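Undergrad: Take this sequence and fold it.
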Amino acid sequence: MEVSVSEQLKRRLVERNSRLPDFCKQLVKNYEEVVRLWQKEFRERRHLSHETIALRAGYREWPELEDLRQKSIDLESRLFNKIEELATLQGKNSKLIERNSEMTLELNHAKKSSDEFQKACSELQSKVTSLQSTLEELNKTIEFQERDIEKLRNLEISLAKEVSSLRGENSSVIAQLLSEKQKSVDLMNEVNEMQEALNRQRRAFELEQKDFLRQKEEFYRSRKANTTEDFERRHSLDDLKVFVADNDSPVAGADNFFTARSCKKMKRLHCGSEVNALAHYFNGKCFATGGGDAAIRVVDPFTQNVRETLRASSSAQIFTSLSFGDEIDLLLSGSTDRVVQLWSVSTGRVKHSFLGHSDKIVSVNFVLDKERCISGSADRTFKIWNAHKGSIEKTVNCISSCNALEVASHNFLVYSGHSDKSLKIWSLKTFEKINELRGVHEGSITHLALSSDNQRVLTTSRDGTVKLVDMRMTSVVMTYRHDAYSNSFEFNKATFGPGENSIIAGGSDGQLFVWNMYTGRMERTIPTEHEGGITSCSLNQITGYLVTADVRGNVFVWN
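TA: Numbering: from 1, shown residues only. Reported below is the predicted structural model:
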């Protein structure tokens, strides 16, 4: 019965051992050792009990029984000791069983806690799964938002570029508005200055006209009585308009048109050197000539007296172009020494010298209010100067040698003639090229003459022709040529005739050629006493005096 109980207990312990922790397993091992010892002692005890019974039965029969009895007593004593040890072990076993029960309770509690922990872990796992799904959704949302943010950034960059562009355009528009406003202010100032200049010019003209009429009357009185009427007729502006408006009609009274009889000769005015420059004061009260003798002569056309002589600082200086200012005392000159000079006629001294050109000066002129002047050069530029300060204001590149310049004050334009046979039109406000007529001549253009209405430009060339350009159509409307006419001088100049109905040019043979301006027909040739070719022709429309000059320094005044 005890064996079966122990076996059951052992089996239970074995079964429980598989579930107990290591320290419990050690206790079970100890318990098994105690049970084994107890079983061994139990078997020895049973064996001793049987031997004792047998010995008691045969005590008297064997002599060795006393020894056996003593051994039995020793064995019993040992048995009792073992029983005590077994009792002790049973107490320990009880304690171990109690401890095992406690451990079982703790194990159950731990298992329950583990189940609760597993349950909590499951709940946490489910929460983690839910959070992971939520995180994935958030990541997707963040990805979408990042795409939106990237789009917004690209939109922001494009908007920033547009804003920058708009700011630039705004600044440009503001600058343009300010520039236009400044231009308007400058234009108003220019208009006011022009008005003041015109008023001064009108007053000066009225005074000079009175002086001119007085001198003219005194001059007439000095002539003989029998020539007074004829002289008066020749000086009349009405009689000087010999070309009628009818384009097909010949010149009325052509026999009275600039004959040798009406010519006053001023021979060797420039000491035999070529006369390159010729300019009239606007009211015809005087004219100036310049040439290769390093001198400028200012001449009274009525008396043919030299009023002033302006001499250059160098004898090698050759004057190529002249222009009067709004005052008779101001004279602008250009020369081969690359210097533009502003002269005071009354003192004979230079007020300003304008330096800046890299080649000879071939054309000079005053601009608008006469406070600025312009010069053209063989260095392929023309320059704008401040006539009062003596400083440069603008340099314009013309691509070709600028041989001639004319200023149209009414529409703020500059006309330039060039060695490349072209006529160019420039804005006087911006100095930008507005238009260009190419191939006007077959040779280089040497001179430009502007009509009084600023609508027509007369061009002179070295190709043996004179042409009329209508600036409203920007095209050549008439070409004047003749078999006997040629002029290849570098500074050859033609002019409008009286009333601007005719064209007058001097030839290389010393003759004057007169064409009808409207038909281009040669009206007549006028033989002269010029020595060699005529270099320049200039007619003042107010006085009707025509001045011609030649290569020998001779100057003729025709009335």
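Undergrad: CA atoms of stretch 31-48 as PDB?
TA: Output in PDB follows, covering the C-alpha atoms of stretch 31-48 (Å, rounded to 0.1, in the frame of the first residue of the first chain):
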ATOM      1  CA  TYR A  31      12.600  14.000  -2.200                       C
ATOM      2  CA  GLU A  32      13.100  11.100  -4.500                       C
ATOM      3  CA  GLU A  33      16.400  10.400  -2.900                       C
ATOM      4  CA  VAL A  34      14.700  10.300   0.500                       C
ATOM      5  CA  VAL A  35      12.000   8.000  -0.800                       C
ATOM      6  CA  ARG A  36      14.600   5.700  -2.200                       C
ATOM      7  CA  LEU A  37      16.500   5.600   1.100                       C
ATOM      8  CA  TRP A  38      13.200   5.000   2.900                       C
ATOM      9  CA  GLN A  39      12.300   2.200   0.600                       C
ATOM     10  CA  LYS A  40      15.800   0.600   1.100                       C
ATOM     11  CA  GLU A  41      15.500   0.900   4.900                       C
ATOM     12  CA  PHE A  42      12.000  -0.500   4.600                       C
ATOM     13  CA  ARG A  43      13.200  -3.500   2.700                       C
ATOM     14  CA  GLU A  44      16.100  -4.100   5.100                       C
ATOM     15  CA  ARG A  45      13.800  -3.700   8.100                       C
ATOM     16  CA  ARG A  46      11.400  -6.200   6.600                       C
ATOM     17  CA  HIS A  47      14.300  -8.500   5.900                       C
ATOM     18  CA  LEU A  48      15.600  -8.100   9.500                       C
END
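Undergrad: what is the rounded mean pLDDT of that stretch?
TA: For stretch 31-48, mean pLDDT is 76.
Undergrad: for it, which positions count as buried?
TA: 31-32, 34-35, 38, 41-42, 45, 48 (16 or more other C-beta atoms under 10 Å). Using the backbone N, CA and C atoms, a C-beta is placed for each residue, glycine as well.
Undergrad: Ala295 pairs with what?
TA: Here Ala295 shows beta-bridge partners Arg311, assigned using DSSP bridges.
Undergrad: mind listing what it touches?
TA: 270, 309-312, 319 (C-beta atoms under 8 Å, 6 or more residues apart in numbering).
Undergrad: can the buried residues of stretch 31-48 go into CSV with extra columns for distance to Ser422 and secondary structure?
TA: Below are the buried residues of stretch 31-48 laid out as CSV (distance: C-beta to C-beta, whole Å; DSSP: H, G, I helix; E, B strand; the rest coil):
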residue, distance to Ser422, secondary structure
Tyr31, 131, helix
Glu32, 131, helix
Val34, 136, helix
Val35, 136, helix
Trp38, 141, helix
Glu41, 146, helix
Phe42, 146, helix
Arg45, 151, helix
Leu48, 155, helix
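Undergrad: ok, now which ones touch Ala387?
TA: Counting by C-beta under 8 Å, 6+ apart, Ala387 touches 325, 330, 332, 342, 352, 366, 370-373.
Undergrad: about what we covered before: out of the contacts of Ala295, which end up buried?
TA: 270, 310, 312, 319.
Undergrad: From Phe489, how far off is the third one?
TA: If I follow you right, that is Ala312. Relative to Phe489, Ala312 is positioned 21 Å away (C-beta to C-beta, to the nearest Å).
Undergrad: Low-confidence stretches in the stretch 401-550 of the chain?
TA: For the stretch 401-550 of the chain, not a single residue meets the criterion pLDDT under 70.
Undergrad: Assign Ser133 to helix, strand or coil.
TA: Secondary structure for Ser133, judged by DSSP: H, G, I helix; E, B strand; the rest coil, is helix.
Undergrad: Tally up the residues packed near it, please.
TA: 10 (other C-beta atoms under 10 Å).
Undergrad: please begin residue numbering at 57 from this point
TA: Let's use 57 as the start, then, which means that last one is Ser189.
Undergrad: Would you mind measuring from it to Leu366?
TA: Counting by C-beta to C-beta, the gap from Ser189 to Leu366 is 106 Å.
Undergrad: Met578 too?
TA: From Met578 to Leu366 the distance is 38 Å (C-beta to C-beta).
Undergrad: Might you list the low-confidence residue ranges for the stretch 107-256 of the chain?
TA: For the stretch 107-256 of the chain (pLDDT under 70), the answer is 110-122, 124-125, 253.
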